[in-house]
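Chemist: Sequence plus the predicted model coming up.
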Amino acid sequence: MLCESASDMQVVGEASNGLEGVRLADQVRPDVVLMDLRMPGLDGTAATARILATRPATRVVVLTTFDDDGHLYPALAAGACGFLAKDVAPADLLDAVRRAADGDSPFSGPVLRRLVDQAVRSRAAGQANEPEPALTAREREVLALVGTGLGNLEIAERLHLGVTTVKTHVANLMMKTGCANRVRLAVFAVQRGLC
């Protein structure tokens, strides 16, 4: 009901279990899927992997009451681009859907803090000794803002750039750093002390 109330969103389907979700995603081709993790038949992690295997452009955001690491990391490994606790404020949920559709990776604050803390601990333990990529000054600015959790539009406004330019910088940063997604790019920025 919340998504249907937003004038810039259209709910194209609703599934009651993972298998139905996979089938429906193939039929209606959504831009963003809000995925629960505990469902009958096929859990949300497996459903995420199946949806993305056939529709890799779909953005899957997990929305769950189970925001522990035992659920977080498997969902991210399956390809989820974001992870929100079900107690997220309604406005923040709508913002997360918009950000996911725009290519960002929305996370609940506590979840993002845990991911960053883990990355920092890994770095401190010497587990992240990859060589530094050659980045331009502008790429370093964009990377630092990605590390603080800003979306493309916010970065564009802060640096007085077009959103398309920011998206290009983010894509280049992913390629140069070897980060497969925006979350890993943010962790990379934190590990390097850029934000």
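Modeler: Alright, I've got the coordinates.
Chemist: CA only for contacts and neighbour counts going forward, please
Modeler: OK.
Chemist: which residues sit in contact with the residue sitting nearest the centre point of the chain?
Modeler: Geometric centre of the chain, nearest residue: residue 105, 2.3 Å, by C-alpha atoms, centre = their mean. Taking C-alpha atoms under 8 Å, 6 or more residues apart in numbering, we find residue 105 in contact with 81-82, 96, 99, 182-183.
Chemist: Show me what whatever helix or strand residue 84 lives in is packed against.
Modeler: In the assignment (DSSP states H and E), residue 84 maps to strand 82-85. Contacts defined by 3 or more C-alpha pairs under 8 Å, 6 or more residues apart in numbering; DSSP states H and E place strand 82-85 against strand 59-64.
Chemist: Which other helices and strands does the strand it packs on contact?
Modeler: Against strand 59-64 (3+ C-alpha pairs under 8 Å, 6+ apart) you get strand 32-35, strand 82-85, helix 90-101.
Chemist: tell me the mean pLDDT over the first one?
Modeler: Think strand 32-35. Averaged across strand 32-35, pLDDT comes to 96.
Chemist: helices or strands next to the very next helix or strand once past that strand in the packing?
Modeler: Later in the chain than strand 32-35, the nearest helix or strand by DSSP H and E is helix 44-54. If contacts are counted by 3+ C-alpha pairs under 8 Å, 6+ apart, helix 44-54 sits against helix 18-28, helix 69-78.
Chemist: Just the CA trace of the shortest one, in PDB.
Modeler: Extracted in PDB, the C-alpha atoms of helix 69-78 (Å, rounded to 0.1, in the frame of the first residue of the first chain):
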ATOM      1  CA  ASP A  69      24.800 -11.300   9.600                       C
ATOM      2  CA  GLY A  70      23.600 -14.800   9.100                       C
ATOM      3  CA  HIS A  71      20.900 -13.400   6.800                       C
ATOM      4  CA  LEU A  72      22.700 -10.400   5.500                       C
ATOM      5  CA  TYR A  73      25.800 -11.900   3.900                       C
ATOM      6  CA  PRO A  74      24.000 -14.800   2.100                       C
ATOM      7  CA  ALA A  75      21.500 -12.200   0.600                       C
ATOM      8  CA  LEU A  76      24.300 -10.000  -0.600                       C
ATOM      9  CA  ALA A  77      26.100 -13.000  -2.000                       C
ATOM     10  CA  ALA A  78      22.900 -13.900  -3.900                       C
END
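Chemist: Please consider this matter closed, and thank you.
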